[in-house]
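A.B. asks: Build me a model:
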Amino acid sequence: MKKLFLVGLILTIFFTSCTSKWEYKTIIFKGTEQDALATFTSKKIDISNSSLNSLGDEGWELVDVFSKIETVHPNFGNNEYVTGLQPNVRTSEISFVFKRKK
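C.D. replies: Now for the predicted structure:
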């Protein structure tokens, strides 16, 4: 009898967890230019702890983080564009994907 009850409990937990419905939210933090020159500089991406904590208070759980890369300038090794060959990509934005049960 105990084994039958235990099997029933495990099956109930399994099917309840498999039928959960989720809602998703993606928040994108875009970088800002640090200077007005056309030189290669990184972008500043500012993410406050309070904004992430408020999402946690609302029941949102972080699922994934991914970044978007952009080309900064043509890289021809010409002094008019850059001084010598340099890397010409940088992170332009960071996306956070959250989920919570409906």
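A.B. asks: helix or strand right after the helix or strand of the chain with the lowest mean pLDDT?
C.D. replies: Among the helices and strands of the chain, helix 2-18 carries the lowest confidence by mean pLDDT, DSSP states H and E, at a mean of 69. Per DSSP states H and E, the first helix or strand lying C-terminal to helix 2-18 is strand 22-30.
A.B. asks: Which other helices and strands does that next one contact?
C.D. replies: Applying 3 or more CB pairs under 8 Å, 6 or more residues apart in numbering; DSSP states H and E, one finds that strand 22-30 contacts strand 89-101. C-beta here means a position set from N, CA and C on the backbone, and glycine is covered the same way.
A.B. asks: give me that answer again for 10 Å
C.D. replies: The helices and strands touching strand 22-30, judged by 3 or more CB pairs under 10 Å, 6 or more residues apart in numbering; DSSP states H and E, are helix 49-57, strand 61-71, strand 89-101.
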